[in-house]
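Participant: Provided below are the primary sequence and the corresponding predicted coordinates.
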Amino acid sequence: MPPRYIPSVRARRLARSLREFREQAELGVTAAAARLGWSQGKVSHIESARNKPNERDVELMLNLYGVGSPDREAILTLAREAEDRGWWTDYIDVLNGPYVALEDAAAEIGNWAPQVIPGLLQTQDYAREIIKAGELGKASDIERRLQARMVRQTLLTREDSPPNLHVVLDEAVLGRPIGGPAMMREQLHRLASEAARPNVTIQVLPQSAGTHCGLEGSLIMLRFAEPADPDVAYAEGFFGVVYMESPQQVAHCRLAFERICEAALDPDDSLSLINAAAKR
């Protein structure tokens, strides 16, 4: 079942802050729950951003932890802002996990894509083929997922601080004829036009690069404008998704992404390779 709640970055920041205030008050989850008259699960779910607390619950937690001004006002403002609806709430029936909310709030997105062109740069027909393949025969949600993906792409062209997107494609992606030659040609033309955007950088890692540190799979790096929001590394596969948020994990993934970028062709040579693939 898809989750009923996808936390925004503000909601995650709120959850992290409440956990830190509890720890500063030297209270364990069990003790805090007992003092609040709540279950341990409620406290844990709020602190992990699995549940959205209302403003009254946040006030009770701040009272218990002895949080005064100006932190108190900042957290209550954050609690009110966390209530804001994101575009993804209209598609929560077909979206899984918090990735779309994280992506929507990111200032920088780095994407190593060894299999397919990333969703933010896909044409509608290409995206439909990818979604159909992933559904493994289920047809009911395909159009809903496709609609969500097309809405998701608007973040690159929004007026209010669109993120910088840096994509590195494996050269094999350019030659994989998803949907047939005509559909793939259209997709490659779209890729070339997206590369002209000032906030989009596209590189191609050529097959001649041989062994490189991206062989283990795809990787997405998310960086946020707010210093209070730590970077996130994200990967997905057959057995689900993995979010890496510890400083050590993120630093390791960022170094890997930087080395992939260094091994790839520069953007101009990459664009030439994309255009040549379209002609073929």
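Facilitator: Great, that's in hand.
Participant: alpha carbons only for contacts and neighbour counts from here, please
Facilitator: Noted.
Participant: which strand or helix spans the residue of the chain most remote from its centre?
Facilitator: Most distant from the centre of the chain: residue 35, at 36.0 Å, with distances by Cα atoms, centre = their mean. Per DSSP states H and E, residue 35 falls inside helix 29-36.
Participant: buried stuff in the helix or strand of the chain with the lowest mean pLDDT?
Facilitator: Here the helix or strand of the chain ranked lowest by mean pLDDT, DSSP states H and E is strand 240-244, holding a mean of 81. Buried residues in strand 240-244, counted by 16 or more other Cα atoms under 10 Å: residue 244.
Participant: sheet partners, orientation included, of that strand?
Facilitator: Sheet partners assigned to strand 240-244 using DSSP bridges are listed as strand 232-237 (antiparallel).
Participant: next, the buried residues of the partner strand.
Facilitator: Under the neighbour-count rule (16+ other Cα under 10 Å), strand 232-237 has 232-235 buried.
Participant: got those as CSV, with distance to residue 5 and pLDDT columns?
Facilitator: Shown next, in CSV, are the buried residues of strand 232-237 (distance: Cα to Cα, whole Å; pLDDT from 0 to 100):
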residue, distance to residue 5, pLDDT
232, 19, 92
233, 21, 93
234, 19, 91
235, 21, 88
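Participant: farthest pair within those residues?
Facilitator: Maximum pairwise distance in the buried residues of strand 232-237, criterion Cα to Cα, is 10.2 Å, between 232 and 235.
Participant: now for the two: what residues contact both?
Facilitator: residue 243 (Cα atoms under 8 Å, 6 or more residues apart in numbering).
Participant: ranges for the helices of this protein?
Facilitator: 9-24, 29-36, 40-47, 55-65, 71-81, 99-105, 124-135, 142-152, 171-175, 181-194, 247-263, 267-279 (DSSP state H).
Participant: and stretch 6-23, average pLDDT?
Facilitator: Averaged over stretch 6-23, pLDDT sits at 89.
Participant: now that stretch, how far from the centre of its chain.
Facilitator: 18 Å (Cα atoms, centre = their mean, to the nearest Å).
Participant: and it, what's buried?
Facilitator: 6-19, 21-22.
Participant: residues contacting it, please?
Facilitator: Counting by Cα under 8 Å, 6+ apart, 28, 32, 46-50, 52, 61-62, 65, 67, 75, 78-79, 81-83, 86, 89, 92, 97-98, 101-102, 105, 228-229 sit against stretch 6-23.
Participant: buried ones from these, can you make that a PyMOL selection?
Facilitator: Buried subset of the contacts of stretch 6-23, written as a PyMOL selection, criterion 16+ other Cα under 10 Å:
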select buried, resi 32+46+47+48+49+50+52+61+62+65+67+75+78+79+82+83+92+98+101+102+105
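Participant: residue ranges with poor pLDDT in the stretch 51-200 of the chain?
Facilitator: 136-138 (pLDDT under 70).
Participant: list the contacts of the closest residue to residue 122 other than its chain neighbours.
Facilitator: In this structure, residue 122 finds its nearest non-sequential neighbour in residue 187, 6.7 Å apart by Cα to Cα, 6 or more residues apart in numbering. Contacts for residue 187 (Cα under 8 Å, 6+ apart) come out as 122-123, 126.
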